[in-house]
Each structure stands twice: as C-alpha cells, then as structure tokens.
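# Model the following, please.
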Amino acid sequence: MADRSRLARWASNNMPRREDLAESRWIKPFGQRVLHSEFWRFTRRSVPRGVAVGLLVGIFVMIPGLQIVGAALMCVPVRGNIPIAALMTFLSNPLTTPFILLASIFIGNALGFHADPSTFYALYDKGAGPGEWLAWLFSDAAPSLVSGLFVIAFASAVVGYVLTIGIWRWWQGKKWRRRARRRGAEI
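The predicted model follows:
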C-alpha cells in the first residue's frame, strides 16, 4: 500500500497538467484541442489508447523532451488519454534505454540489416561522446536501429493496449461484483 501511494505521488508530481501543456511552445498551436476534457478523462476506451500511444512514442522517439509532447499530440487523433500516454513514456528511461537499444539492434539485424553490437559495447564502455555516437549511428547501424525500435515500439503498444483492456475489464467486473454483493446484503 505504501508503494502504491509513493507511485501515485510520483505520478502526480511528474505527469503534465493541462496548463503545463498549454504553455509548451510545441503544443501551443494545438492548445485548445489538447486541453479538451475528452483527452483527460479516464474511460475504458481512452486509457488503453493512451497506453498504446505512450508506449509507441516513448520507445520509438527516445528523446526525453519530445516523448511527452509527441504522445500528447498523437493522442488527439486517436482520442487517447494524455496523462496516461505521458506516464507510459517514462518506461524508456536511462535505466532501460541501453537494453531497448541493444534489443532493437538485434531485431534490426534479424530483419536483414547490419549493425555491429560489439561497436556499440565499445562506445558504451569507453564513454564515447555525442560525435562518436552520431558517427556510429549514421553508419550502417541506423537502418537496423530504427527498424528494431519500430518493431519493439509497435509490439509493446499492441501488448499494452490488449493488457490494459483486460485489466480494465477485470477491475470493472470486480466493482460490479462488489456492488451486487452490497445490494444483496441490503435486501
């Protein structure tokens, strides 16, 4: 229970508020549309869509500032929940990013592209600067990395969407059963 309240506090401190998004220079042109209450309600349709959008954008983009903005903007056409999408982008964080990148390279190589993982490990071990990483990325590694990131992002979005629908139905069923037991006890 203490972990749940700690997670709720962290989420409320880090999730963007409507006003924060309205002040963003990237979202300001879309401000009134993004601020519409439809994108901030927790419904059985908007929450799974928000989870899918957040996972797709959060894993594929991998640039912290653009993840939340991209997720918020992508929620508009699919009518997803913006706070949930923003929260899902935090799954790709400095702790998980190296694993996601390595997995995307391996998946990209399995799709027929070529990127040498040993070069990735060597750059990571020596603490290479941005210039060296960009040189490696713009070599033959870019198609492998991008295709692998897309596969991982798309697969995680589909799994997140289906899992969220299942969890939502289980939670709603639990509420209905509890309500039915209370009504049975009242009669």
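
# Only C-alpha atoms from now on, for both contacts and neighbour counts.
Noted.

# This protein: strands as residue ranges?
Secondary structure of the chain (DSSP state E): no strands located.

# Where in it is the helix or strand with the lowest mean pLDDT?
Ranked by mean pLDDT, DSSP states H and E, the weakest helix or strand in the chain is helix 31-34, scoring a mean of 65.

# What separation do you get for the closest residue to residue 156 other than its chain neighbours and residue 123?
Excluding the flanking residues, the one nearest residue 156 by C-alpha to C-alpha, 6 or more residues apart in numbering is residue 55, at 6.4 Å. Separation of residue 55 from residue 123 (C-alpha to C-alpha, to the nearest Å): 27 Å.

# Residue 115 too?
For residue 115, the distance to residue 123 - C-alpha to C-alpha - is 13 Å.

# can you check residue 166 too?
For residue 166 relative to residue 123 (C-alpha to C-alpha), the value is 41 Å.

# Show me how far the helix ranked longest in the chain is from its chain's centre.
Ranked by residue count, the top helix of the chain under DSSP state H comes out as helix 142-186. When distances are taken as C-alpha atoms, centre = their mean, to the nearest Å, helix 142-186 is centred 14 Å away from the chain's centroid.

# what helices or strands is that helix leaning on?
For helix 142-186, the contact count by 3 or more C-alpha pairs under 8 Å, 6 or more residues apart in numbering; DSSP states H and E identifies helix 46-61, helix 97-110 as packing neighbours.

# Tabulate the CA atom coordinates of the longest one in CSV.
The one in question is helix 46-61. Extracted C-alpha coordinates of helix 46-61, given in CSV (Å, rounded to 0.1, in the frame of the first residue of the first chain):
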residue,chain,number,x,y,z
SER,A,46,-9.2,6.4,-23.8
VAL,A,47,-7.0,4.7,-21.2
PRO,A,48,-5.9,1.7,-23.5
ARG,A,49,-5.4,4.1,-26.4
GLY,A,50,-3.2,6.4,-24.1
VAL,A,51,-1.2,3.3,-23.0
ALA,A,52,-0.6,2.3,-26.6
VAL,A,53,0.3,5.8,-27.8
GLY,A,54,2.6,6.4,-24.8
LEU,A,55,4.5,3.1,-25.4
LEU,A,56,4.7,3.6,-29.1
VAL,A,57,6.1,7.2,-28.9
GLY,A,58,8.1,6.6,-25.7
ILE,A,59,10.1,3.7,-27.1
PHE,A,60,10.4,4.9,-30.7
VAL,A,61,11.3,8.5,-30.1
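
# I appreciate the help and will end here.
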